[in-house]
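Novice: Next one to model:
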Amino acid sequence: MSHPAPTGYSLAQITLHWIIAAIVFFQLAFGESMAHAIKAREEGGTPAGADGALASAHYWLGIAVLALVALRLALRVARGVPAPVDEGLTGKLAAGMHHLFYLLLVAAPVTGLLGFYAGEPWGGVHTVAKPLFIVLILGHAGAALFHAFWLHDGTLRRMLVPQRG
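Specialist: I've put the predicted structure just below:
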């Protein structure tokens, strides 16, 4: 028996979205510390205090992203998601963007771990995630703001206010 699609996101889905977003922003802002720490170790030295601490945070937060994305995908399967506001081209673009986000949210930590433990080419592949994330985030945020302030269709509100029930 299939259930109708929800009209909004649950508190758990919204919370996971924003926690993952915050972690991704942290990773983008401070991820270079991992490269500095690896370089220092390759040269036989010790990473500077801040680089060492931020590299460790980068490592563990990457693993956290994998776990949180797995939970988010499980909730998505179990509960469903609201139907797109537009079933046309913009709805298809939104679905494509969300699929790319999920792919990148899994691929970035996996390639980061492979780069850390197996070396190249995985480290190089992992570095491509940063500009891809930036492009996706700008597109995603731009679309959310367009829906909120131009179309006034409630799309952004669905990720801010949980559906009751």
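
Novice: Report the separation between the residue sitting nearest the centre point of the chain and Arg72.
Specialist: Computing the C-alpha centroid of the chain and ranking residues by CA atoms, centre = their mean puts Leu105 first, at 4.7 Å. Taking CB to CB, to the nearest Å as the measure, Leu105 falls 9 Å from Arg72. C-beta here means a position set from N, CA and C on the backbone, and glycine is covered the same way.

Novice: Mutual contacts of the two, please.
Specialist: Jointly contacting Leu105 and Arg72 under the rule CB atoms under 8 Å, 6 or more residues apart in numbering are Ile20.

Novice: which residues are contacting the helix-or-strand element of the chain with minimal mean pLDDT?
Specialist: Using mean pLDDT, DSSP states H and E, the weakest-scoring helix or strand in the chain turns out to be helix 155-158, at a mean of 83. Residues outside helix 155-158 that contact it (CB under 8 Å, 6+ apart): Gly8, Tyr9, Pro82, Val85, Ala144, Leu145, His147, Ala148.

Novice: What of stretch 91-107?
Specialist: Here stretch 91-107 has contacts from 20, 24, 65-66, 69, 73, 84-86, 129, 132-133, 136, 139-140, 143, using CB under 8 Å, 6+ apart.

Novice: who's in contact with the residue of the chain positioned farthest from its centre?
Specialist: Relative to the centre of the chain, the most outlying C-alpha is that of Gly44, 33.6 Å out, by CA atoms, centre = their mean. Contact analysis of Gly44 by CB under 8 Å, 6+ apart lists nothing.

Novice: Alright, I will stop here.
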